[in-house]
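Colleague: Predicted structure and sequence below. I'll ask about it afterward.
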Amino acid sequence: MSLRAPDRLLLASARRGGVWVGVTVLTSLLLTGATLALPAVMGRTLDAVLGHGDVARWLALSGVLVFVLVAVDAVDDLVGQAAEARSTAWLRHTLLRHVLALGTRATRRFTPGDLVSRLVGNSARTGDAASGLVWIVMGVVPPLGAIVALALIDYWLCLTFLAGMPILVLLVRAFLRDISDAGEGYFRVQGTIAARLVDALGGIRTITAAGTLDREAQRVLAPLPEVHRHGLGMWNALARISARGDLVVPLLVVAVLAVAGLGLTQGRITPGEVLAASEYVIMAAGIGGVMSSLNELAQARAAAARVAEVIAEPAMAYGSERLPEGPGRLQFRGVTVQGADGPVLNDLDLTIPGGALVAVVGRSGAGKSLLAALAGRLVDPDEGEVLLDGVPLRRLAREELRRAVAYGFERPVLLGETFADAIGFGSGSPSPGELAARARAARADGFIRRMPAGYASRVADTPLSGGEAQRVGLARAFVQAGRVLILDDVAASLDTVTEHHISQVLTGALADRTRLIVTHRASTADRAELVVWLADGGVRGRGTHRGLWADPEYRAAFQPLSVTRTPVRTGAGGAR
Ligand SMILES: Nc1ncnc2c1ncn2[C@@H]1O[C@H](COP(=O)(O)OP(=O)(O)OP(=O)(O)O)[C@@H](O)[C@H]1O
């Protein structure tokens, strides 16, 4: 029988508990042995007191067993926690690496808040299984051992107990089903709340400006009744098993003790053995102890299912090929990307000449950013392929691709402690001189130098305007720039003078690269050597800005921004 993904993950994470899992097995074995031996030794002690043996010896042995139980129990807890910590750490590493390897697909498939809840809460719950599994396995040993002990005392005792076993088994199965369903629902709803909270924090300015704090709090916490319902489901399952156990276990105990009493009157069993049998029957029916471990395991399994769901999402695979020498020519061949309501790009064929400055324009939602993402393999097409200097991007080694293609984004996230880190991010260790030169080119050098610690200033402590952040992001792209530089609407928050300066860098210092610029600005399109106009899922037109401007639909792609931001001379061939 092949294990399901959550079970495989549970086992893998339990193995990562390493040596501590082994120690937990040892301590649990000791505990189990002592637990099993104690009733027999107590029975012998009683028989000794009644005149059949060495009382002092049996009393001493009872004392040793009790000591072992207390001491080992404490150690068992400690090593169990150590195993869980190691398993959880491994699981978080694995999940985090996978989420990052998924790239943009991670946040298309899962919301950030949901991913955080899986990474933080669910991973820890799954990690609990490291010692939980051992405790469960060890948890069933005392009941099984107790059944054997009953048989050793008198086989009628064992048979009486086994007659009641099927009821116990049915109870356990029903409990496991109820608790697993409730656990899964509980974690899912927790993830939903976390996702809404992250959304709300991302949009906190809008919420504050709109004065909708109460409504937002209600929206974030709206699934709480569901959390309550699933929580109640878990408690009910526990209560049911406890009530049913309370009914079944005493019945079993009474039945076994009645048979033991009969054996005593017939001289088959000693009084000490009756005492031992009364302990063993309770141990054999030890539904309570195993139940709480099973409960833990069921919850760990529900949590593992949520972690495994992310891991099952295939990460982007890279090839091993290198790029030949080349100018940075990009080719899109039959590229189709499906969106929620049909293809966003449909069988698109396009060649971006190497070393050219190319503007990608089109109305909002035309697929410009998607085209830019495809060009550097931030996403893969559903059909077709993208080639760089003749090599399909999928075949390129990851480092080769990342060295060859650099990106600048409209709302860059500045990663790294300091501004020097943020600008050099992903580029090895550029020299301070190179960092400054690129920052100057991106018009970021001035405001960074004015900070108290210059390039060593901490990014997190420095609130930046949208345009300043864009310029730092641009400097990073410039440092990184390989043979292709892709700028996705990077000038959206820049004033015309800064944008003009940056355009000069693109046509000057970086003129040997292929530059793919997504833009809404007519002035940027006008400076490009080639304009690719996207509409209706494909290339609606390509040529120079001036050549395309005659088409009113082309002009409409710029209208909202060009009217307000960029003076445009209308008329055939006269755009600027
Ligand atoms: N990886 C993807 N898979 C499927 N659909 C996507 C993907 N990325 C974006 N889309 C969808 O493609 C459509 C176009 O998005 P895109 O961001 O490319 O538009 P755009 O032309 O850049 O718009 P804007 O000018 O408003 O920034 C959107 O509906 C978006 O949801």
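Modeller: It's in.
Colleague: gap between the two ends of stretch 203-217?
Modeller: 13 Å (CA to CA, to the nearest Å).
Colleague: repeat for stretch 408-418
Modeller: End residues of stretch 408-418 are separated by 18 Å (CA to CA).
Colleague: Other residues contacting it?
Modeller: Outside of stretch 408-418, the residues within contact range by CB atoms under 8 Å, 6 or more residues apart in numbering are 421-422, 424-425, 453, 455-460, 464, 466, 469-470, 472-474, 476-477, 485-490, 492-493. C-betas here are computed from N, CA, C, even on glycine.
Colleague: Now a ChimeraX select for only the buried ones of those.
Modeller: To isolate the buried subset of the contacts of stretch 408-418 in ChimeraX, counting by 16 or more other CB atoms under 10 Å, use the following:
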select :421,422,424,425,455,457,459,469,470,472,473,474,476,477,485,486,487,488,489,490,492,493
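Colleague: burial count for Leu91?
Modeller: Using other CB atoms under 10 Å, Leu91 is surrounded by 28 other residues.
Colleague: what about it, which helix or strand?
Modeller: Following DSSP states H and E, one finds Leu91 within helix 55-102.
Colleague: what's that helix packed up against?
Modeller: If contacts are counted by 3 or more CB pairs under 8 Å, 6 or more residues apart in numbering; DSSP states H and E, helix 55-102 sits against helix 5-15, helix 19-47, helix 104-109, helix 123-127, helix 129-153, helix 287-312.
Colleague: try 6 Å this time
Modeller: helix 19-47, helix 123-127, helix 129-153 (3 or more CB pairs under 6 Å, 6 or more residues apart in numbering; DSSP states H and E).
Colleague: any low-confidence regions in the chain?
Modeller: 1-3, 52, 130, 287-292, 427, 492-493, 559-576 (pLDDT under 70).
Colleague: where exactly do the strands run in it?
Modeller: 330-339, 342-352, 357-362, 383-388, 391-392, 405-409, 484-488, 514-518, 530-535, 538-543 (DSSP state E).
Colleague: okay, the helices and strands packed on helix 55-102, which one's buried deepest?
Modeller: Of those, the one with the most neighbours on average (mean count of other CB atoms under 10 Å) is helix 123-127, at a mean of 26.
Colleague: Which strands or helices does that one pack on?
Modeller: Using 3+ CB pairs under 6 Å, 6+ apart, the elements in contact with helix 123-127 are helix 55-102, helix 287-312.
Colleague: quick one: contacts of that helix?
Modeller: 13, 84, 87-88, 91-92, 95, 299-300, 303-304, 307 (CB atoms under 6 Å, 6 or more residues apart in numbering).
Colleague: Now do it: distance to the chain's middle.
Modeller: 12 Å (CA atoms, centre = their mean, to the nearest Å).
Colleague: Kindly report the same for stretch 265-272.
Modeller: On CA atoms, centre = their mean, the centre of stretch 265-272 falls 61 Å from the chain's centre.
Colleague: So for that stretch, what gets flagged as buried?
Modeller: 269-270, 272.
Colleague: outside of it, which residues touch it?
Modeller: 43-44, 46-47, 154, 260, 263.
Colleague: got it, and stretch 89-106?
Modeller: By CB under 6 Å, 6+ apart, stretch 89-106 touches 13, 16, 115, 119, 123, 126-127, 307, 311, 313, 315-316, 378-379.
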